[in-house]
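Engineer: 3D, please:
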Amino acid sequence: MARIDQPICQQVLAALLACVTLMGAAQAGPLLDRIRAHRAAKAASANTEADPSPHSSDPATSAPGTHTFTMNWQGESRQWMLHVPPGFQPDRPTAVVYFFHGGGGNMQHGADDKLYGQISASDRRGHLVVFPNGHGRLKSGKLATWNAGNCCGAARDDDTDDVGFVRAIHAELGKRFKIDPKKVFAAGMSNGGMMAHRLACDASDLFTAITAVAGTDNTRRCQPGRPVSVLHIHARDDERVLFNGGAGQASKQMTDFTSVAESTDRWVKRDGCQPMPRTVLEVPGAKCVEHEGCQGGSHVRLCVTDTGGHSWPGGNKARGGEGSTALSATTEMEHFFFGP
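Structural biologist: Numbering: from 1, shown residues only. From the prediction side, this is the model:
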């Protein structure tokens, strides 16, 4: 067979992408996702150096506990943590939750069970949980943020390809474990929740559902190739990402945040759901409603707490104090991803 030059292949891909974009998201979405996934894989191969961490042939990789990995992504040393629950069987297909820390935090914050309870959830359910570290300008990896579109910080200002970074992690994870492609989830707090929204937009070929807490949809564009289930949790008195849109005094230099209602409406339309929701939970201080009839069996659910401020309900605040005790965001997330 005649060999086709790589530049010609790249030109063909570029032409295809330009053509299908003109077709519109509804018709061209799946093809767009495949082309973007191909480009991301090429970029990951070009930008990621060999990971010195153990691979699938090393049993330490799948041993219970929390492991730290490093990769070179776009010339920057990026880290991520992986928690493997007790009794994990690496030969069986597994679910994986990617958890994204808030802006100004790091992966250790995301893995803090007192704040978010993700380690305990992994141990209860038996799934893997990945804690990526955001982009920052400190070698320590602290004070990191995610490029979620209009927010936040150095990741946005440096236009970091955090979607590509997550894809690169997922490719590495696939070398070590049998990942169930129907059970790949993203969740996050604040800027991390915004990153989950962006992954639902730009990596719908990977993620089947997301949970965003105190972080609205601040993407600049969104054309998911397939429906993605979305759970959004927010406090009415959030003082940083305001419930009705805009930024509180402490975050006014970030961006003019999208409102909770607008974020929900966007996903109802993207997933083709029924416009009128039904109440699925109502307790003192909190209420959850869900839009049904969505395409591909997806769901859009909104849980609102009366109090708690900018926090993860049921957990401690990273800057002290507690979130709302009316419900547990970790429990709601578990049920949304895995069922009761």
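
Engineer: Tell me where the longest strand sits in the protein.
Structural biologist: If you go by DSSP state E, the chain has its longest strand at strand 179-189.

Engineer: contact partners of it?
Structural biologist: With contact meaning C-beta atoms under 8 Å, 6 or more residues apart in numbering, strand 179-189 is reached by 93-102, 110, 115-116, 118, 127, 146, 170, 173, 193-196, 199-200, 206-215, 312, 333, 337. In short, each C-beta sits where N, CA and C put it, glycine included.

Engineer: ok, which stretches of the stretch 101-250 of the chain are strands?
Structural biologist: Using DSSP state E, counting those that start in this stretch, the strands of the stretch 101-250 of the chain run over 128-132, 179-189, 209-213, 229-235.

Engineer: phi, psi of residue 151?
Structural biologist: Phi and psi for residue 151, reported as degrees, to the nearest 10, are phi -150, psi 140.

Engineer: Pipe the strands of the stretch 101-250 of the chain into a markdown table and attach distance to residue 326, mean neighbour count and mean pLDDT per row.
Structural biologist: Converted to a markdown table, the strands of the stretch 101-250 of the chain look like this (distance: least, C-beta to C-beta, whole Å; neighbours: other C-beta atoms under 10 Å; pLDDT from 0 to 100):
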| stretch | distance to residue 326 | mean neighbour count | mean pLDDT |
| --- | --- | --- | --- |
| strand 128-132 | 25 | 25 | 98 |
| strand 179-189 | 17 | 21 | 98 |
| strand 209-213 | 14 | 28 | 98 |
| strand 229-235 | 9 | 27 | 98 |
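
Engineer: could these be laid out in JSON lines, adding distance to residue 248?
Structural biologist: Output for these, formatted as JSON lines (distance: least, C-beta to C-beta, whole Å):
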{"stretch": "strand 128-132", "distance to residue 248": "26"}
{"stretch": "strand 179-189", "distance to residue 248": "16"}
{"stretch": "strand 209-213", "distance to residue 248": "16"}
{"stretch": "strand 229-235", "distance to residue 248": "12"}
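
Engineer: Counting neighbours, which of the contacts of strand 179-189 end up buried?
Structural biologist: When burial is judged by neighbour count using 16 or more other C-beta atoms under 10 Å, the buried members of the contacts of strand 179-189 are 94-102, 110, 115-116, 118, 127, 146, 170, 173, 193-196, 199-200, 206-215, 312, 333, 337.

Engineer: quick one: which of the residues you listed sit in helices?
Structural biologist: Of the buried ones among the contacts of strand 179-189, the ones assigned to helices by DSSP state H are 110, 115-116, 118, 170, 173, 193-196, 199-200, 333, 337.

Engineer: with those residues in mind, which one is nearest to residue 63?
Structural biologist: Nearest to residue 63 out of these is residue 173 (C-beta to C-beta; 15.2 Å).

Engineer: Return the distance of the closest one relative to residue 71.
Structural biologist: Distance, residue 173 to residue 71, using C-beta to C-beta, to the nearest Å: 12 Å.

Engineer: How about residue 154?
Structural biologist: Per C-beta to C-beta, residue 154 is found 19 Å from residue 71.

Engineer: tell me the angle of the longest strand of the chain relative to strand 229-235?
Structural biologist: 20 degrees (axes from the mean of the first three to the mean of the last three C-alpha atoms, to 10 degrees).

Engineer: Given strand 179-189, what are its sheet partners and their directions?
Structural biologist: Sheet pairing here is set by DSSP bridges, and for strand 179-189 it gives strand 94-100 (parallel), strand 209-213 (parallel).

Engineer: Tell me which helix or strand in this structure has the weakest average pLDDT.
Structural biologist: Sorting the helices and strands of the chain by mean pLDDT, DSSP states H and E puts helix 6-23 at the bottom, at a mean of 40.

Engineer: tell me the contacts of residue 267?
Structural biologist: 200, 217, 228, 230, 232, 273, 300.

Engineer: Turn those residues into CSV, including distance to residue 62.
Structural biologist: Formatted as CSV, the contacts of residue 267 follow (distance: C-beta to C-beta, whole Å):
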residue, distance to residue 62
200, 28
217, 35
228, 28
230, 31
232, 33
273, 38
300, 35
